[in-house]
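Trainee: Kindly return the folded structure for what I paste below:
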Amino acid sequence: MSNRKMITAALPYANGPVHIGHLAGVYIPADVYARFQRRLGKDVAFICGSDEHGIPITIRAKKEGVTPQDIVDKYHEIIKKSFSDLGISFDEYSRTTSKKHHETSQDFFKVLYEKGKFTEEVSEQYFDEQANEFLADRYIVGTCPNCGNENAYGDQCEKCGSTLSPSELINPKSMLSGNVPILKETKNWYLPLNEYEDFLNEWIIEGHKDDWKPNVYGQVKSWLTDGLKPRAMTRDLNWGVPVPLPNAEGKVLYVWFDAPIGYISFTQEWAEKNGKDWKDYWQSESSDLVHFIGKDNIVFHCIIFPAMMKAHGDYIMPKNVPAFEFLNLENDKISTSRNWAVWAHEYVQDFPGQQDVLRYSLLSSAPETKDNNFTWKDFQTKNNSELVGIFGNFINRVAVLMHKYYNGVIPQGDINSPELKEINKAAKEISGFLENYEFRNSLTALMNLARFGNQYLQVEEPWKTIKDHPEKAAQSLFVAAQIAVALAQLCEPFMPFSSEKLLNMFNVSAVKWNDVETQSVLIESGHTINEASLLFSKIEDDVIEAQIQKLEDTKQNNKKTNPNANPMKEEITFDDFTKIDLRTATIIEAEKVEKADKLLKLTVDTGVDVRTVVSGIAESFTPEEVIGKQVMILLNLAPRKIRGIESQGMLLLTTKEDGKLSFVTPDDSDVKNGIEIG
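Mentor: Numbers count the residues shown, from 1 in each chain. Below you'll find the predicted structure:
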């Protein structure tokens, strides 16, 4: 077994925050494994960073009216802080928009290009003539041929779940302009994955049939059985890593080409800062490469990225890819678009100082081999019954009794007591489970040691024997102290914040994992411990009900046809309504108001009179666009001066999703001016 561990965690996509599904399915298990390997004394590089390229970033940027860089800057910081707050111990957390990453990705591409590993293919792709750019699949919408959903994307129908191609859509339209796109020829560079089938079959299907998780092995085998096809490694976009070839303007590296290279470029950044050679971790057979990912990324990490590294020729293959399944929330699929999630940054705010409770809860229900479910009630039970009632209770009893009877000094005891072997047994059990990526079982083994400690104290009853059998009381508390310190050491990968508190409480330092596996005594007689403090606190019903209500509010909001609609204004009476005089009218003249970018001066024929209205619509309409426009006007609004011009009325407008204004107009264009509305 190698002494060097190159551990990666899937790059979170920087178009939104991190939620508990991400934490349970990738980041907390990866952190537990990395921390455990460090405690074994291994040379660990634990690497991750924000994935900041690709179509969803540009879609979000257009929707919010900002640049893609604005989006990734915002969410990179939120994600990075969430990981830090929850104790995810990355050695390097970087981002794919960094200069180093662009250079590394381009160098990787050029090596493959110069070795003749790509094929150049010309294909027809949808092109938006008005926007003057090729359309990625996600920028094309139309009617799904399978279920009739009129808002299906060019790669997937989110209503029926069908995987689609843009050519299958009925009545495809561009999301950029709303126009019907045309087909236009374009050239891209493809990696012929079919040429790597023999290698992948030998490496995975034959080489890892006994040590890889069934869900990973089965998915890879299915892909290989169906046969692989060439896949484009470049795209026609303006956001991403530019293709480093002449005559490749307007083309970037496919996001799933550059993103996994981020593992390498981020390792290079870390190595430069720490005086290490990154090649020792990526290009040496003495290094174990392990990818922690979700099941939706298996094909990229087990087929495409290995094929890329094989084509390059200098890189090692992953020793394991322990992909996790999905975590549901309150029996419903977690969904970013529906806001059906528990967000990491919000949890830290709502539960200050309780990071380990979330880590413990998510690990205990980690979706290792099948989809699992998180509920707030279960979270509460795990905290109150297990962390408070078992783990915390044992620690507190030991520390309190030690101070009550021995002034905080560890009494003399028999170091050959058979109960002490439970410590070594637990350490070896946890170690075995973690080496096999069985995180739930390892957590159970840890908690079983705390259960054993509680049972031992209950049987020994030192609070009774201290009077008539002080030697017996001393022995039982000596043993209990060893178990408590063992828990302080062994819980560190799982609950690092609690481990730090415990080590401070017992006034000891962290030791290597092997010491806990082999040594029976972890705290010597005569050693003085610090005052006891509560490790965990009970979570009350009202706290949990508030979280459940937050989700219920989200569910109700999702039922609205327009979740972004503003709340209803203050209620009025019918008499109030009858005072409003709404009329049809026509704009007959329009001009800009001097030194006012947002204002137009309008002359309006109301059917009753011709009057002047000043309206803040200049950012949505030119004067020429509104002349002759039939509108609705609030006629009896008291006049007021705007920029020295008396405005006599208000036009009715609404705001569209893109932020532009739209007039509220009569359906029938023949309606005369001055007709009352109501």
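
Trainee: all contacts plus neighbour counts: C-alpha atoms, from now on.
Mentor: OK.

Trainee: Quick check: pLDDT value at residue 129.
Mentor: We note a pLDDT of 87 for residue 129 in this prediction.

Trainee: Give me the neighbour count for the closest residue to it other than its chain neighbours.
Mentor: Spatial nearest neighbour of residue 129, chain neighbours left out: residue 181 (7.0 Å); criterion: C-alpha to C-alpha, 6 or more residues apart in numbering. Using other C-alpha atoms under 10 Å, residue 181 has 22 other residues around it.

Trainee: what's near enough to touch residue 181?
Mentor: Going by C-alpha atoms under 8 Å, 6 or more residues apart in numbering, residue 181 touches 126-129, 172-174.

Trainee: Which members of those residues are the farthest-apart pair?
Mentor: Spatially, the most separated pair among those is 129 and 172, at 14.1 Å (C-alpha to C-alpha).

Trainee: who has more neighbours, the two?
Mentor: Higher neighbour count among residue 129 and residue 172: residue 172, with 26 against 15, using other C-alpha under 10 Å.

Trainee: just to revisit the earlier point, going by distance to residue 316, which of the contacts of residue 181 wins?
Mentor: The nearest member of the contacts of residue 181 to residue 316, counting by C-alpha to C-alpha, is residue 126 at 38.3 Å.

Trainee: Mind checking what secondary structure the closest one has?
Mentor: strand (DSSP: H, G, I helix; E, B strand; the rest coil).

Trainee: Likewise for the one 4 residues further on?
Mentor: With three-state DSSP as the basis, the three-state label of residue 130 is coil.

Trainee: Touching, it and residue 177? I think so.
Mentor: Yes - the pair residue 130 / residue 177 is scored as a contact, 6.8 Å apart, by C-alpha atoms under 8 Å.

Trainee: Residues contacting stretch 649-669, please?
Mentor: Stretch 649-669 has contacts (C-alpha under 8 Å, 6+ apart) with 63-65, 584, 612-613, 615, 617, 619-620, 630-639.

Trainee: Only the buried subset of those, as a ChimeraX command please.
Mentor: In ChimeraX, this line selects whichever of those come out buried by 16 or more other C-alpha atoms under 10 Å:
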select :584,612,613,615,617,630,631,632,633,634,635
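
Trainee: just the buried members of the contacts of residue 181?
Mentor: 126-128, 172-174.

Trainee: how deep is residue 476 tucked in, by neighbour count?
Mentor: Look at residue 476: counted by other C-alpha under 10 Å, it has 24 neighbours.

Trainee: Report the buried residues of the helix or strand containing it.
Mentor: Assigned by DSSP states H and E, residue 476 belongs to helix 470-490. By neighbour count with 16+ other C-alpha under 10 Å, helix 470-490 contains the buried residues 472-490.

Trainee: so how far is it off the chain centroid?
Mentor: Between the centre of helix 470-490 and the centre of its host chain there is 41 Å, according to C-alpha atoms, centre = their mean, to the nearest Å.

Trainee: So which other helices or strands are in contact with that helix?
Mentor: Other helices and strands packing on helix 470-490, by 3 or more C-alpha pairs under 8 Å, 6 or more residues apart in numbering; DSSP states H and E, are helix 393-406, helix 421-435, helix 439-460, helix 462-468, helix 496-505, helix 513-518.

Trainee: try 7 Å this time
Mentor: helix 393-406, helix 421-435, helix 439-460, helix 462-468, helix 496-505 (3 or more C-alpha pairs under 7 Å, 6 or more residues apart in numbering; DSSP states H and E).

Trainee: Report the beta-bridge partners for the closest residue to residue 551 other than its chain neighbours.
Mentor: Excluding the flanking residues, the one nearest residue 551 by C-alpha to C-alpha, 6+ apart is residue 340, at 7.0 Å. Residue 340 has these beta-bridge partners by DSSP bridges: residue 335.

Trainee: number of nearby residues for residue 340?
Mentor: Per other C-alpha under 10 Å, the neighbour tally for residue 340 reads 21.

Trainee: can you check the one 10 residues further on too?
Mentor: Counted with other C-alpha under 10 Å, the burial measure for residue 350 works out to 12 neighbours.

Trainee: For it, give its distance to residue 392.
Mentor: 22 Å (C-alpha to C-alpha, to the nearest Å).

Trainee: wait, what's in contact with residue 623?
Mentor: Taking C-alpha atoms under 7 Å, 6 or more residues apart in numbering, we find residue 623 in contact with 590-592.

Trainee: can you do 8 Å?
Mentor: Taking C-alpha under 8 Å, 6+ apart, we find residue 623 in contact with 589-592, 600.

Trainee: do residue 447 as well
Mentor: By C-alpha under 8 Å, 6+ apart, residue 447 lies in contact with 386, 390-391.

Trainee: Just name the shakiest helix or strand of the chain by mean pLDDT.
Mentor: One helix or strand of the chain scores below all others by mean pLDDT, DSSP states H and E: helix 574-578, with a mean of 78.

Trainee: Tell me which residues are up against that one.
Mentor: The list of residues contacting helix 574-578 from outside it, by C-alpha under 8 Å, 6+ apart, is empty.

Trainee: One more: stretch 537-548?
Mentor: Outside stretch 537-548, the residues that touch it by C-alpha under 8 Å, 6+ apart are 376-377, 380, 383-384, 388.

Trainee: Can I get it in CSV? Just the C-alpha atoms.
Mentor: Only the C-alpha atoms of stretch 537-548 are listed here, as CSV (Å, rounded to 0.1, in the frame of the first residue of the first chain):
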residue,chain,number,x,y,z
SER,A,537,-26.4,20.2,23.5
LYS,A,538,-30.0,19.0,23.0
ILE,A,539,-31.8,20.5,19.9
GLU,A,540,-35.3,21.5,20.9
ASP,A,541,-38.5,20.8,18.9
ASP,A,542,-39.1,24.5,18.0
VAL,A,543,-35.7,24.7,16.3
ILE,A,544,-36.5,21.7,14.1
GLU,A,545,-40.0,23.0,13.4
ALA,A,546,-38.6,26.3,12.2
GLN,A,547,-36.4,24.3,9.6
ILE,A,548,-39.4,22.2,8.6
